[in-house]
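Visitor: Okay, sequence plus prediction incoming.
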Amino acid sequence: MVSTSFQSRVTDYAMADIELHGFHYSSSKLHILPNAYTDVIIRQDILQLHSNLTATFGGPKAPLTICGLALAKIPVPSLFANLCTNYKPIAVKSRRYSVAETKFINDEVRRLLAENIIEESCSPWRAQALVVTTDNHKKRTFSKYQLLYTT
């Protein structure tokens, strides 16, 4: 799956007591990251309580020792770097869909999300779905219109 999510924002947090490999951390703040592809991210405030951190990877070479960890600051690339900063999305009236088309679009979007073909987006940019019927009366959705008009 191709992902356009270059960053994730903390949505909330919870306070909890953590037991991790025999160490106890009381009243630790656990931040909630949506769509994180990991079970747990150990925060710097817990790591800095220890003198060493050992991670075993099972490789054939001798251990590699790193004496310090630093916060990685990688600038997030802009998805629209080629546009001027004062451009805003163009507001276009939404298409009107019949009840059957609306149900079909909602079902299709749910299916595509469930199969990880698409992902949710909060972008102000959008492409309206277009419902077309094939020769055998099967419905399909399009959001990339150039495919419809090429011969």
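Guide: That came through, no problem.

Visitor: Specify the residue ranges that define each domain of this structure.
Guide: Domain assignment for the chain by automatic domain parsing gives 1-55+67-77, 99-149.

Visitor: so D45, which of the three states?
Guide: helix (DSSP: H, G, I helix; E, B strand; the rest coil).

Visitor: so of the domains of the chain, which one's packed in deepest?
Guide: domain 99-149 (a mean of 11; mean count of other CB atoms under 10 Å). In short, each C-beta sits where N, CA and C put it, glycine included.

Visitor: And the helices in the chain?
Guide: 44-47, 99-114, 146-149 (DSSP state H).

Visitor: With distance to K138 and mean pLDDT as extra columns, can I get those helices in a markdown table?
Guide: Formatted as a markdown table, those follow (distance: least, CB to CB, whole Å; pLDDT from 0 to 100):
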| stretch | distance to K138 | mean pLDDT |
| --- | --- | --- |
| helix 44-47 | 53 | 76 |
| helix 99-114 | 11 | 88 |
| helix 146-149 | 15 | 50 |
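
Visitor: wait, what's in contact with E101?
Guide: 131, 139 (CB atoms under 8 Å, 6 or more residues apart in numbering).

Visitor: repeat that for 10 Å
Guide: Residues near E101 by CB atoms under 10 Å, 6 or more residues apart in numbering: 95, 129-131, 139, 141.

Visitor: what's the closest of those residues to K61?
Guide: K61 lies nearest to T141 out of the contacts of E101, by CB to CB, at 50.8 Å.

Visitor: wait, the closest one sits on R95?
Guide: No. Here T141 does not reach R95: they are 11.8 Å apart, not a contact under CB atoms under 10 Å.
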